[in-house]
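**Student:** Need coordinates for the following:
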Amino acid sequence: MSANSGIEGKVGVLLGGRSAERDVSLNSGGMVLAALRKKGVDAYPFDPRDRGIEALIAERFERVFIALHGRYGEDGTIQGALELLGIPYTGSGVMASALAMDKWRTKLVWHAAGVPTPPYELLGRHTDLAGVVNRLGLPLMIKPANEGSSIGMSKVAQAGDLAEAYALAANYDPVVIAEKFIEGVELTAAVVGGIALPLIRLETPRDFYDYHAKYIAEDTRYIVPCGLPPDAEAILHREVLLAFSTLGCSGWGRVDLMLDRSGKPYFLEVNTSPGMTDHSLVPMAARHAGIAFEDLCVKILQSARVGNVAGNFAAVAGNLAAVAGNLAAGTPGGGSVG
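**Tutor:** Next up, the predicted model:
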């Protein structure tokens, strides 16, 4: 056992993988690995692109930190393998990981639970794109349903650009979403151990917070404190935790949202295995809350477990009861916080 971390046994850091976010994952995993070792954890890298299940079994890891992003690492695939092997892992379980990775089905669940999310339509090869524009208006965000890091996303301000944006997104996923763009403030909320960390306000001179703005640009602004009054931020923290747990998510993650010009929140997505790079938002929020990067990695690793499905559903049931109570009281979720 490490005197610094309290973590026993051999630990695997899963990184890399086969998704379009491989490079980001290698960066995240490398930083997590270094942080854990600095805290005295007996940690080793494991890249599932290059090594299979047999090798994972042979390593005899006591627990693993999932630093994989995107397909096969954040969509319930690796979580299912670890459940079968009985190896405790970080982040959400199989069901919640798969659901949160799918932006369309996330919206279906949120809509049913009363969690506000922007209006949208699904696009296909034969969709009447002019009709979509007429119904949703412009600008639109065009997204592949099952990608992260803004890969394949476009902001469409002119109807004539919609077909090209659809074709780009369809390169990454057959399910493509056209979502009404919410004019206002972009925020992100890290969740660690059931607690929402300080909100971060994102500002970029680019059309939107795209891959370049996230990982390359030096002119992206990360504003924390986010500028909201404390009581307004507290309200958003409650709604963030509702959005997170309604999908069955647990452990840690990040919730992205927009505030429109009236102060109404619209939830965009949940990341169940967020970036842990030097540009990443969860470590940034943790620092503002007084949690060093090494301590954050240990805290997340300490939450590793298997068989969390029942706990997730209990959290969902509790939060849906809270929604029902709010509706009965005449204060539905999604009200203005400004």
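
**Student:** Going by C-alpha atoms from here, please, whenever you check contacts or count neighbours.
**Tutor:** OK.

**Student:** what's the neighbour count on the residue nearest to residue 46 when sequence neighbours are not counted?
**Tutor:** Taking C-alpha to C-alpha, 6 or more residues apart in numbering, and ignoring the residues beside it in sequence, residue 46 has residue 14 as its nearest neighbour in space, at 4.9 Å. Neighbour count of residue 14, defined by other C-alpha atoms under 10 Å: 28.

**Student:** Settle this for me: residue 14 is touching residue 61, isn't it.
**Tutor:** No - when contacts are counted by C-alpha atoms under 8 Å, residue 14 is not listed as touching residue 61 (11.0 Å).

**Student:** Next up, the contacts around residue 43.
**Tutor:** If you count contacts by C-alpha atoms under 8 Å, 6 or more residues apart in numbering, residue 43 has them with 10, 11, 12, 13, 33, 36, 37.

**Student:** Can you tell me the SS state at the second one?
**Tutor:** Right, residue 11. Using DSSP: H, G, I helix; E, B strand; the rest coil, the structure places residue 11 in strand.

**Student:** so what's it bridging to?
**Tutor:** residue 43, residue 63 (DSSP bridges).

**Student:** picking that back up, ok, now which ones touch the residue nearest to residue 46?
**Tutor:** Neighbour list for residue 14: 29, 45, 46, 47, 48, 64, 65, 66, 67, 68 [criterion: C-alpha under 8 Å, 6+ apart].

**Student:** Quick check: pLDDT value at it.
**Tutor:** Per-residue confidence (pLDDT) for residue 14: 98.

**Student:** what sits against residue 96?
**Tutor:** Counting by C-alpha under 8 Å, 6+ apart, residue 96 makes contact with 76, 247, 248, 249.

**Student:** among those residues, who's most crowded?
**Tutor:** Using other C-alpha under 10 Å as the neighbour test, those are led by residue 249, with 33 neighbours.

**Student:** thinking again about what came up before, among the contacts of residue 14, which one is most surrounded by other residues?
**Tutor:** In terms of neighbours by other C-alpha under 10 Å, the contacts of residue 14 top out with residue 68 at 31 neighbours.

**Student:** so it makes contact with residue 18?
**Tutor:** No - Residue 68 is not in contact with residue 18 according to C-alpha under 8 Å; the separation is 9.2 Å.

**Student:** who's the residue nearest the centre of the chain bridged to?
**Tutor:** Nearest to the mean C-alpha position of the chain, by C-alpha atoms, centre = their mean, lies residue 271 at 1.0 Å. Using DSSP bridges, the bridge partners assigned to residue 271 are residue 254.

**Student:** What are the boundaries of the strands in the protein?
**Tutor:** Assigned by DSSP state E, the strands in the chain fall at 10-14, 42-46, 63-66, 120-123, 140-144, 154-156, 176-180, 184-192, 195-196, 200-203, 221-223, 252-260, 265-271.

**Student:** still on that earlier bit, identify the farthest-apart pair in the contacts of residue 43.
**Tutor:** Spanning the widest gap among the contacts of residue 43 are 10 and 33, at 12.3 Å by C-alpha to C-alpha.

**Student:** okay, those two: which has more neighbours?
**Tutor:** Applying other C-alpha under 10 Å to residue 10 and residue 33 shows that residue 33 carries more neighbours, namely 25 against 16.

**Student:** In contact with the more buried one, which residues?
**Tutor:** Taking C-alpha under 8 Å, 6+ apart, we find residue 33 in contact with 13, 43, 44, 45.

**Student:** Good, we can wrap up now.
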